[in-house]
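>>> any chance you can model this:
(chains A and B)
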Amino acid sequence: MDTCRDVSELVSRAMDTRLTLVERGRVRLHLLFCAACRRFERQVALLRWGARRLGRGQ
Amino acid sequence: MKSPGVPGLTPEQLPGYRPALLRYARLQVRDAAVAEDLVQSTLLAALGGLAGFRGESSPATWLTGILRRQIIDHFRRSAREAPLPCGDEEDPEDAAALIDRLFARDGHWVTPPASWPDPADSHRQEAFLAVLEACLQGLAGRAGQVFALREILELEPEEICKDLGLSQSNYWVLMHRARLRLRQCVERGWLADGKD
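The predicted model follows:
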């Protein structure tokens, strides 16, 4: 079973590249049981949304 | 004098855009003096290219586009002058130290990410963006540069690796580090603020 440390890294990487099938499975399984990493995933997406908004001067 | 035929933008108006441009530059360039220089050369480039401004976009958008190029070029230059494969001299904390601080030995979060307020309503959105802007300004080193290129300037990862001479795995490490730091900074600033 993956740790939060491993999964947070995969979640971050998934923002920029498509993970392998196995990696996606590992992430999904972990997120099923881990609220902290589910939050991390949402927050990373929110950081992207916010940075783009600032970058577009909105 | 060049004003005829240039709708909406005269040389006299250019300095008025300086504060907004500086704010934009400071999102991405940590060194205030460098940000000033970039804005200065943007305004000079704009002055020289005023005849090319056709008013198809707003002056602010046009000027930001010029500044965007200046910032990307600046990052490219600094990557050439100080090629740091992954290490980060200006960075007080390397990746391993950051990971060790945020994660316990067993791989769990030391402080698990808190639940953030839903930023759907516009008041919260503004608060979130204000905190994020401050956090971006404090994001140090190459991780900060890479994050800015990717998320603010919206370059593709391949392009960034090529420009900065990074391997793919260096890139991922830097982005992950930037995200971990930013997340923590936003959480501190936003939740501490959002008690009302």
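
>>> make it CA atoms for all contacts and neighbour counts henceforth
Fine.

>>> center of chain B, which residue is that?
What sits nearest the mean C-alpha location of chain B, by C-alpha atoms, centre = their mean, is B:Gln28, with 2.8 Å.

>>> so what's it closest to, chain neighbours aside?
Leaving out its chain neighbours, the residue that sits closest to B:Gln28 by C-alpha to C-alpha, 6 or more residues apart in numbering or on different chains is B:Ala148, at 5.5 Å.

>>> wasn't the one you found part of a helix?
Yes: the assignment for B:Ala148 (DSSP: H, G, I helix; E, B strand; the rest coil) places it in a helix.

>>> I'd say it and B:Arg30 touch.
No: taking contacts as C-alpha atoms under 8 Å, B:Ala148 lies outside contact range of B:Arg30: 10.7 Å.

>>> okay, these two: which has more neighbours?
B:Ala148 (26 against 18; other C-alpha atoms under 10 Å in any protein chain shown).

>>> remind me, longest helix of chain B?
Taking DSSP state H as the criterion, chain B has its longest helix at helix B:168-193.

>>> quick one: pLDDT of residue 34?
You didn't pick a chain, so chain A it is. Looking at A:Cys34, its pLDDT reads 97.

>>> look at chain B instead
So B:Val34 comes in at 93 (pLDDT).

>>> element containing it, please.
Per DSSP states H and E: B:Val34 is located in helix B:32-48.

>>> chain center to that helix, what's the gap?
16 Å (C-alpha atoms, centre = their mean, to the nearest Å).

>>> just the residues contacting stretch B:15-30, thanks.
Outside stretch B:15-30, the residues that touch it by C-alpha atoms under 8 Å, 6 or more residues apart in numbering or on different chains are A:54-55, A:57, B:32, B:35-36, B:38-39, B:43, B:60, B:63-64, B:67, B:71, B:133-134, B:136-140, B:144-145, B:148, B:152.

>>> again with stretch B:147-159
A:16, A:48, A:51-56, B:27-28, B:68, B:72, B:160, B:171, B:174-175, B:178.

>>> please indicate which of the residues you listed are buried?
The neighbour count (16 or more other C-alpha atoms under 10 Å in any protein chain shown) marks A:48, A:51-52, A:54-55, B:27-28, B:68, B:72, B:160, B:171, B:174-175, B:178 as buried among those.

>>> what ranges do the helices span in chain A?
A:4-14, A:21-33, A:35-55.

>>> sort out which residues of the second one are buried, please.
Residues of helix A:21-33 classed as buried under the neighbour-count rule (16+ other C-alpha under 10 Å) are A:24, A:26-27, A:30-31.

>>> tell me the angle of that helix relative to helix A:35-55?
110 degrees (axes from the mean of the first three to the mean of the last three C-alpha atoms, to 10 degrees).
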